[in-house]
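Undergrad: Build the 3D model from these lines:
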Amino acid sequence: MGKIMLGSSQPVNDTEIGTVNADSHGGIVVLARIFALAMTVSAFVYLANNVLNFWFDWPGVPTIFGMFGWFGLSAPEGGVLNLAWIQLITYFGAFAVVVLIVIGSKQRTLHADAEMLSGIAGYIVRAAFWAVLLIGIADAFISFLRVEGFMATLFSEDIADKLGRPAFRGHYVHYPLIVAGLVIASFKRTLGFHWLAVLIVAAELAIVLARFVFSYEQAFMADLVRFWYGALFLFASPYTLIKEGHVRVDILYASFRLPAKARSNIIGCIFLGLPLCWVILTLGMWGSASAINGPLLTFEVTQSGFGLYIKYLLAGFLMIFALSMLVQFMSYMLSNMATLLHEPGHKQDLEEHAAV
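TA: Numbering: from 1, shown residues only. Okay, the predicted model is just below:
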């Protein structure tokens with residue numbers, strides 16, 4: 001195998017990139033990995049419990065506080081409190097699993113975990129991209145059939161009537177297409193944001209041509225542009241973060257040396273990025289009428305009866321944004337910590353020494 005020189009006469013085998021000496025910053029590495037993985041797993045557990053709370057009527061962890069009379073809550077009646085304890089255990093259980101995994105893989109590098117988390121964020125975004133692409137096309141087609149009166153020709157009267165109901169279209173059109181997006185993202189590894197941008201331009205161009213050439217315009221056409229543009233803006237954020245594409249106020253940062261930049265990025269991820277993501281998730285999904293849960297539970301649509309039935313999904317975009325950014329922030333934190341510790345095989349570390 002090839003050898004990589006790290007600014008010294010001692011070569012480092014490129015097969016050793018995935019491991020690091022546990023005696024060198026071992027405690028810091030273990031704590032950083034536990035923190036990053038625990039934050040990531042906690043976010044997924046929180047979302048899973050949110051589904052149980054508001055889609056399957058589980059009591060939720062806060063009801064446990066009612067048993068002790070805390071925060072003005074009252075204890076629920078019946079055996080539902082057992083379900084609340086199960087939900088609480090999922091958080092502690094997830095944390096315990098993370099600790100066991102990290103302790104059992106002390107030789108694993110920060111960079112390896114950063115790549116794994118970045119891959120998870122990438123999968124979330126890819127799945128969301130394919131879902132909004134398929135849903136946008138399918139919903140626009142259905143809306144066009146409805147506004148032009150073609151539904152009865154292609155479907156039975158009962159199906160045509162049900163497709164005009166947001167909940168039915170959500171359950172039997174949107175949800176299956178979301179599952180299709182998850183499947184496609186599992187084997188389609190590239191991010192298709194450039195194609196989504198092209199489709200936005202094409203949809204806007206179609207509006208202009210239809211309006212000024214054919215004097216034809218429908219509400220679903222503008223809804224499609226907003227739907228895809230919202231997805232492009234929010235879903236591309238994690239990808240832009242890992243590519244260092246976000247706008248920085250480089251009054252001080254640009255003049256920092258690499259270790260100082262790494263420290264700055266670590267502090268920013270922990271004290272700015274991570275709290276922002278948790279604020280969006282908690283405030284948006286704390287109750288059934290919260291900013292994210294409310295539209296998702298009611299399949300909220302616009303007042304235009306023949307527009308796209310996707311307004312509730314726009315609220316869900318915030319959830320995807322917060323989740324993917326949280327995972328990517330943890331990846332970014334580990335990556336910068338690996339740079340700060342001069343972890344063998346780290347890309348930035350190798351590039352810096354190769355330039356010497």
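Undergrad: List the buried residues of the strand or helix carrying Ala260.
TA: Element membership for Ala260 (DSSP states H and E) is helix 258-268. Residues 261-262, 265-266, 268 are the ones in helix 258-268 that count as buried (16 or more other Cβ atoms under 10 Å). In short, each C-beta sits where N, CA and C put it, glycine included.
Undergrad: C-terminal to that helix, what's the next element?
TA: For helix 258-268, the following helix or strand on the C-terminal side (DSSP H and E) is helix 274-285.
Undergrad: Could you pull up the mean pLDDT of that following helix?
TA: Taken as a whole, helix 274-285 carries a mean pLDDT of 96.
Undergrad: contacts for that helix?
TA: If you take Cβ atoms under 8 Å, 6 or more residues apart in numbering as the criterion, helix 274-285 is touched by 39, 43, 46-47, 50, 290-293, 315, 318-319, 321-323, 325-326, 329-330.
Undergrad: Check stretch 178-186 too.
TA: Contacts for stretch 178-186 (Cβ under 8 Å, 6+ apart): 123, 126-135.
Undergrad: The same query, at a cut-off of 10 Å, please.
TA: Contact with stretch 178-186 is made by 122-135, 170, 188, 191-192, 313, 316, as judged by Cβ atoms under 10 Å, 6 or more residues apart in numbering.
Undergrad: pull the helix or strand with minimum mean pLDDT from this structure.
TA: Here the helix or strand of the chain ranked lowest by mean pLDDT, DSSP states H and E is strand 3-5, holding a mean of 36.
Undergrad: which ones are touching the spatially closest residue to Tyr253 that is not a sequence neighbour?
TA: Spatial nearest neighbour of Tyr253, excluding adjacent residues (Cβ to Cβ, 6 or more residues apart in numbering): Ser264 at 6.0 Å. Counting by Cβ under 10 Å, 6+ apart, Ser264 touches 248, 252-253, 256, 336.
Undergrad: tell me the two of the residues you listed that are most distant?
TA: The span of the contacts of Ser264, defined through Cβ to Cβ, is set by Leu252 and Asn336 at 16.3 Å.
Undergrad: In terms of neighbours, single out the busier of these two.
TA: Asn336 (25 against 9; other Cβ atoms under 10 Å).
Undergrad: Run the chain-centre distance for whatever helix or strand that one lives in.
TA: Per DSSP H and E: Asn336 is located in helix 311-340. Centroid separation for helix 311-340 versus its chain: 6 Å, with Cα atoms, centre = their mean, to the nearest Å.
Undergrad: what's the spacing between the helix of greatest length in the chain and its chain's center?
TA: When the chain is parsed with DSSP state H, its longest helix is helix 110-148. On the basis of Cα atoms, centre = their mean, helix 110-148 sits 10 Å off its chain's mean C-alpha point.
Undergrad: between it and helix 311-340, how many degrees?
TA: Between helix 110-148 and helix 311-340, the angle comes out at 160 degrees (axes from the mean of the first three to the mean of the last three Cα atoms, to 10 degrees).
Undergrad: Would you agree Asp139 is in contact with Phe220?
TA: Yes - counting by Cβ atoms under 10 Å, Phe220 is a contact partner of Asp139 at 7.5 Å.
Undergrad: Need the residues touching each of those two.
TA: Common neighbours of Asp139 and Phe220 (Cβ under 10 Å, 6+ apart) are 227, 307-310.
Undergrad: what comes up buried for the host helix or strand of Asn82?
TA: Element membership for Asn82, per DSSP H and E: helix 80-103. Within helix 80-103, the residues that count as buried by 16+ other Cβ under 10 Å are 81, 83-84, 87-88, 90-91, 94-95, 98, 102.
Undergrad: and if you look at stretch 229-236?
TA: By 16+ other Cβ under 10 Å, the buried positions in stretch 229-236 come out as 230-232, 234-236.
Undergrad: coming back round to it: closest to Phe299 among the shared contacts of Asp139 and Phe220?
TA: Proximity of the shared contacts of Asp139 and Phe220 to Phe299 (Cβ to Cβ) peaks at Tyr309, which lies at 7.2 Å.
Undergrad: Count the residues that sit near that closest one.
TA: With other Cβ under 10 Å as criterion, Tyr309 counts 28.
Undergrad: ok, it touching Leu163?
TA: Yes - the criterion here is Cβ under 10 Å, and Tyr309 meets it with Leu163 at 9.2 Å.
Undergrad: Now the common contact residues for these two.
TA: 142-143, 169, 173.
Undergrad: would you list those in a markdown table and tack on neighbour count, distance to Arg211 and pLDDT?
TA: Formatted as a markdown table, these follow (neighbours: other Cβ atoms under 10 Å; distance: Cβ to Cβ, whole Å; pLDDT from 0 to 100):
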| residue | neighbour count | distance to Arg211 | pLDDT |
| --- | --- | --- | --- |
| Ile142 | 21 | 22 | 93 |
| Ser143 | 26 | 17 | 91 |
| Arg169 | 23 | 26 | 94 |
| Val173 | 17 | 27 | 95 |
